[in-house]
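A.B. asks: sequence and predicted structure below; questions after.
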Amino acid sequence: MVSPMEKPIPFSEKSDNIDLFGYHKCTVKLTGLDLSPCAAAKHGHGSKICGFLAKLFAYIVIISMFYRAFTFLGEEGKLLSFNWSEANTYGFMGLHAVVCSICVAGWTCNGRLHKHLKQLSHVKTFRIEPKNEIDEYSGLRKKAFFFSLPWLILMGFTSVFNALHEKILWSGAIVPAYKYSLFPALAFLVWFITSTCLTIYVLVNFSMAREIEYFNEELKKASEEKKLKNHSTIADFSFRQNELIKMVKKSNEFLKSYATVAPLFCFFSIINAIYNLSFIGTVPTAYGIGLVLFLANIIGWTILSFLPPAKVQDQLAATATILMESGEFENAEDPKVYPTYRVMVDRSLSIESRIFVVNAFGINSRNLNVAMFLVPNLGPLLMMLRKLFEYNGYNVSS
């Protein structure tokens, strides 16, 4: 929380010329979920009316996300039917959008994003040589926008396609006009919120990964130049490593609000989206293509939820590899060098800085590979289960 004596920093401000979020300083406000005016009003630094309106808009947006998600889930039909799996596919991604909206509101309300920029500026001061290229994030933001466009097109296509048939799901019943007319607009809002949330999540993680990667580059260079035998040199690296880990752990305190639950909804949606494909012959060709592309997009969202924090963990572990591959510590003349080396290795390998999905599975590259192998294979298992039921006389409606 922001201290009562500290003026809350608007999300739009930069820190030490690090423009991490770029145009997302504006998109956050356009989502209706920017609660920085509310935080400012709470501590006497802004208008209470603006704070109240910001909170009101945020509540409306979050409630609309809940309404959309539970409307989809409420359309569930017969077990293992197409209506059942289609409702689950859209419904679980609807819950993913709910998590994204709550995250954006929480991050802006508590000033988390500005605090991360301050930490990033702090660790930047410990660089041995300046490297401004790693502080340039415009290219990453452009890629994020480009890769979000298929999600926008697909969300718009499926919602409009179903609306033209007076439905919100192809396999569902005809619904009142106000409902099917509302869902294309909500689809655009979902794209806006989820793409903004995930881009911020990716940018924060990649900013940490870049800083740790550059630390490893300078550590490796010092090792190759035999400078780590000097206690003051390795002590400086040790202090810098500790500051980087503190930054990761501090940032993970707010990033986990997304990563703890949101990927789980993506996994549930992937399973059902794969199962949808067993009914692809019963839907129009255009909508069938949409279902395939929807699955591809969800897989992309899931990978982007896991890959950036996994990259952070890879870079933290790489520090220990660089140190252990260096042969200059065992015979160092200064007796203080080896204990410092051991502290750095133990810190790199032993300190827990991972984000845990549902507080059970730590995000790293190994667990990412395991999850992306196991979870999609549950979809074909549902197909086999459906065939087994049908073989034994249980009629599954398409």
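C.D. replies: Okay, I see it.

A.B. asks: longest helix anywhere in this structure?
C.D. replies: For the chain, the helix with the greatest residue count under DSSP state H is helix 177-224.

A.B. asks: helices or strands next to that helix in the packing?
C.D. replies: Here helix 177-224 touches helix 24-30, helix 48-73, helix 82-109, helix 112-124, helix 138-164, helix 231-259, helix 285-325, going by 3 or more Cβ pairs under 8 Å, 6 or more residues apart in numbering; DSSP states H and E. Any C-beta I mention is one placed from the backbone N, CA and C, and that applies to glycine too.

A.B. asks: out of the ones you listed, deepest packed?
C.D. replies: For the helices and strands packed on helix 177-224, the largest average neighbour count (mean count of other Cβ atoms under 10 Å) is found in helix 82-109, namely a mean of 24.

A.B. asks: how far does it sit from its chain's centre?
C.D. replies: 13 Å (Cα atoms, centre = their mean, to the nearest Å).

A.B. asks: got the angle between that helix and helix 285-325?
C.D. replies: 50 degrees (axes from the mean of the first three to the mean of the last three Cα atoms, to 10 degrees).

A.B. asks: mind giving me the packing neighbours of helix 82-109?
C.D. replies: The helices and strands touching helix 82-109, judged by 3+ Cβ pairs under 8 Å, 6+ apart, are helix 36-42, helix 48-73, helix 177-224, helix 231-259, helix 262-276, helix 285-325.

A.B. asks: residues in contact with residue 281?
C.D. replies: Counting by Cβ atoms under 8 Å, 6 or more residues apart in numbering, residue 281 touches residue 288.

A.B. asks: could you check how far it is from residue 326?
C.D. replies: Distance of residue 281 to residue 326, computed by Cβ to Cβ, to the nearest Å: 60 Å.

A.B. asks: check residue 178 too.
C.D. replies: 68 Å.

A.B. asks: so between these two, which is more surrounded?
C.D. replies: residue 326 (18 against 7; other Cβ atoms under 10 Å).

A.B. asks: leaving out chain neighbours, which residue sits closest to that one?
C.D. replies: residue 223 (4.3 Å; Cβ to Cβ, 6 or more residues apart in numbering).

A.B. asks: check residue 291 too.
C.D. replies: residue 276 (5.2 Å).

A.B. asks: got a list of what that neighbour touches?
C.D. replies: Applying Cβ under 8 Å, 6+ apart to residue 276 gives the contacts 82, 85, 86, 89, 291, 295.

A.B. asks: read off the pLDDT value for it.
C.D. replies: Looking at residue 276, its pLDDT reads 94.

A.B. asks: against residue 305, how distant is it?
C.D. replies: Residue 276 sits 21 Å away from residue 305 when distances are taken as Cβ to Cβ.

A.B. asks: what's the burial count for residue 129?
C.D. replies: Close neighbours of residue 129, defined as other Cβ under 10 Å, add up to 8.

A.B. asks: wait, it sits on residue 218?
C.D. replies: Yes - counting by Cβ atoms under 8 Å, residue 218 is a contact partner of residue 129 at 7.2 Å.

A.B. asks: enumerate every residue touching the nearest residue to residue 88 once chain neighbours are set aside.
C.D. replies: Distance criterion Cβ to Cβ, 6+ apart; nearest residue to residue 88, sequence neighbours excluded, is residue 272 at 4.1 Å. The contact partners of residue 272, by Cβ under 8 Å, 6+ apart, come to 85, 86, 88, 89, 92, 379, 382.

A.B. asks: so residue 272 versus residue 86, what's the distance?
C.D. replies: For residue 272, the distance to residue 86 - Cβ to Cβ - is 8 Å.

A.B. asks: output the lowest mean pLDDT helix or strand found in this protein.
C.D. replies: helix 36-42 (a mean of 74; mean pLDDT, DSSP states H and E).

A.B. asks: so where is the chain shaky, pLDDT-wise?
C.D. replies: The chain contains residues with pLDDT under 70 at 1-17, 39-46, 396-398.

A.B. asks: repeat that for 80
C.D. replies: 1-17, 38-48, 76-77, 327-333, 390-398 (pLDDT under 80).

A.B. asks: give me the residues contacting stretch 219-231.
C.D. replies: With contacts defined as Cβ under 8 Å, 6+ apart, stretch 219-231 is touched by 128, 233-234, 237, 319, 322-323, 326, 328-329, 332-334, 336-337, 340-341.

A.B. asks: check stretch 240-250 too.
C.D. replies: With Cβ under 8 Å, 6+ apart, stretch 240-250 has contacts from 115-116, 119-120, 122-123, 126, 208, 211-212, 215, 312, 316, 319, 344, 347-348, 351, 353.

A.B. asks: which SS state does the spatially most distant residue from the centre of the chain fall under?
C.D. replies: Checked against the mean C-alpha position of the chain, the extreme residue using Cα atoms, centre = their mean is residue 333, at a distance of 46.6 Å. Secondary structure assignment for residue 333 (DSSP: H, G, I helix; E, B strand; the rest coil): coil.

A.B. asks: which residue packs closest to it, ignoring adjacent ones?
C.D. replies: Residue nearest to residue 333 in three dimensions, not counting chain neighbours: residue 229, with 7.2 Å by Cβ to Cβ, 6+ apart.

A.B. asks: so how many other residues sit close to that neighbour?
C.D. replies: 17.

A.B. asks: give me the three-state assignment for it.
C.D. replies: Under three-state DSSP, the three-state class of residue 229 is coil.

A.B. asks: roughly how far apart are it and residue 327?
C.D. replies: Taking Cβ to Cβ as the measure, residue 229 falls 11 Å from residue 327.
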